[in-house]
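Novice: Prediction below, plus the sequence it came from.
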Amino acid sequence: MLNKVMIIGRLGRDPELRYSQSGSPVCTLNIATDESYTDRDGNRVDRAEWHRVVVFQKAAENCSQYLTKGSLVFVEGSLQTRKWQDQQGQDRYTTEIKAQRVQFLDKRGGEQGMAGGTGGSEGGYSAPRRPAAAPQA
């Protein structure tokens, strides 16, 4: 059996970093992929597909620190469906991509970065996306 997903897309909003009850970092990414085609009337139709991606461990922290809305990323992982209950107690299901690898494709300072799904990180990074503000004199 094979459960493998590979997408290249842009973040629709900034990453959301949370921590599990055990203290492990978990980052959620909302990524848009797009395609275009010509309809029967000869009009060009653009269509976006949205993907929810979950990243764990050190890779989650790297995504939170270095990615922003609009960042271009390559994600490799597997599909996972979770069951949860809404406020009315109804069962709901969410299908998401469980990332094993996230590669940052935007060039920053001439380098590319990659966040590995096993907790390590590779590649070069420029300054974090949330630099400390310098006090105004």
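Specialist: Now that the structure is in, tell me what you want to look at.
Novice: Relative to the helix or strand harbouring residue 7, what are the paired strands and their orientations?
Specialist: With secondary structure defined by DSSP states H and E, residue 7 is part of strand 5-11. Sheet pairing here is set by DSSP bridges, and for strand 5-11 it gives strand 25-38 (antiparallel), strand 72-85 (antiparallel).
Novice: could you dump it to CSV, C-alpha only?
Specialist: What follows is strand 5-11 as a C-alpha-only set of coordinates in CSV (Å, rounded to 0.1, in the frame of the first residue of the first chain):
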residue,chain,number,x,y,z
VAL,A,5,1.6,13.2,-1.0
MET,A,6,3.8,15.8,-2.6
ILE,A,7,2.7,19.3,-3.2
ILE,A,8,4.3,22.7,-4.1
GLY,A,9,2.3,25.7,-3.1
ARG,A,10,2.1,29.0,-1.2
LEU,A,11,1.0,29.6,2.4
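Novice: Now do the next helix or strand along the chain from that strand: distance to the chain's middle.
Specialist: Next helix or strand after strand 5-11 toward the C-terminus (DSSP H and E): strand 16-19. Relative to the centre of its chain, strand 16-19 is centred 12 Å away, using Cα atoms, centre = their mean, to the nearest Å.
Novice: now do stretch 71-84
Specialist: For stretch 71-84, the distance to the chain centre is 8 Å (Cα atoms, centre = their mean).
Novice: what distance separates the start and the end of stretch 32-43?
Specialist: Length of stretch 32-43, first residue to last, Cα to Cα, to the nearest Å: 22 Å.
Novice: what is the rounded mean pLDDT of it?
Specialist: Throughout stretch 32-43, pLDDT has a mean value of 93.
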